[in-house]
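>>> Here is a sequence with its predicted model. Questions after.
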Amino acid sequence: DAGVTQSPTHLIKTRGQQVTLRCSPKSGHDTVSWYQQALGQGPQFIFQYYEEEERQRGNFPDRFSGHQFPNYSSELNVNALLLGDSALYLCASSLDLGFDGYTFGSGTRLTVV
Amino acid sequence: RKEVEQDPGPFNVPEGATVAFNCTYSNSASQSFFWYRQDCRKEPKLLMSVYSSGNEDGRFTAQLNRASQYISLLIRDSKLSDSATYLCVVNTNAGKSTFGDGTTLTVKP
């Protein structure tokens, strides 16, 4: 039973560029949440997708957008990259509202130079 | 003030010690509560859910006090392998989850 898979694992981008990160949820899960984790901090909630709609959003600018596909996989897009966007981006999947907790992927480490 | 606050530590304890972590949250609409464990440069992994009645899983005991908006995690008989960062997580019934910044535990021989 595959867990949550994310791609790519590492990425280096230049300021101003755009990036797309991908996530496939754990089998049987229908909800995908994205988090940004800076060094020494806990994961910060970006947004959550359910039934191909953004259901909840954290305090992130519109440069951060996402999508969920009919097979429940998801993408995170970040436009106009800033140096401060350098972080570990984590995808987590759950069944609906996640009352049983979330399963995380191993993340994409994004470096903006 | 952060929505979820944890003592960052670090907690440095000898093997066999008992250690307790605390977490407070500010959103009274929070519905579900968890402790996650995160090893260095790895993803968080669910350790246990936290219920009002308290729950235990082997050496780990979690407690929730809704009135005080407080969550705790107790680890008994610490092992070297317990060394990690422990993250407190609070979910609203709308699906938003908020993580604390974590408490770092180092168990020494």
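Perfect, thanks for sending it.

>>> my guess is residue A:42 contacts residue B:101, does it?
Yes: under the criterion of Cβ atoms under 8 Å, residue A:42 makes contact with residue B:101 at 4.4 Å. Heads up, the C-betas are built off the backbone N, CA and C, glycines and all.

>>> Find residues that contact each of these two.
Shared contacts of residue A:42 and residue B:101, defined by Cβ atoms under 8 Å, 6 or more residues apart in numbering or on different chains, comprise residue B:87.

>>> Which residues of chain A lie near chain B?
Proximity of chain A to chain B (Cβ under 8 Å from any Cβ of the partner chain) is limited to residues A:31, A:33, A:35, A:40-45, A:48, A:50, A:55-56, A:58, A:90, A:97-107.

>>> at 7 Å what do you get?
A:33, A:41-43, A:45, A:48, A:55-56, A:90, A:97-99, A:101-102, A:104-107 (Cβ under 7 Å from any Cβ of the partner chain).

>>> which among those end up buried?
A:33, A:42-43, A:45, A:48, A:55-56, A:90, A:97-98, A:101-102, A:104-107 (16 or more other Cβ atoms under 10 Å in any protein chain shown).

>>> Which single one of the residues you listed is nearest to residue B:60?
Nearest to residue B:60 among these is residue A:101, at 14.5 Å by Cβ to Cβ.

>>> Once you drop chain neighbours, what's closest to the residue nearest to the spatial centre of chain A?
The centre of chain A sits closest to residue A:34, judged by Cα atoms, centre = their mean, with a distance of 3.1 Å. What sits nearest to residue A:34 in space, not counting adjacent residues and going by Cβ to Cβ, 6 or more residues apart in numbering or on different chains, is residue A:46, at 4.3 Å.
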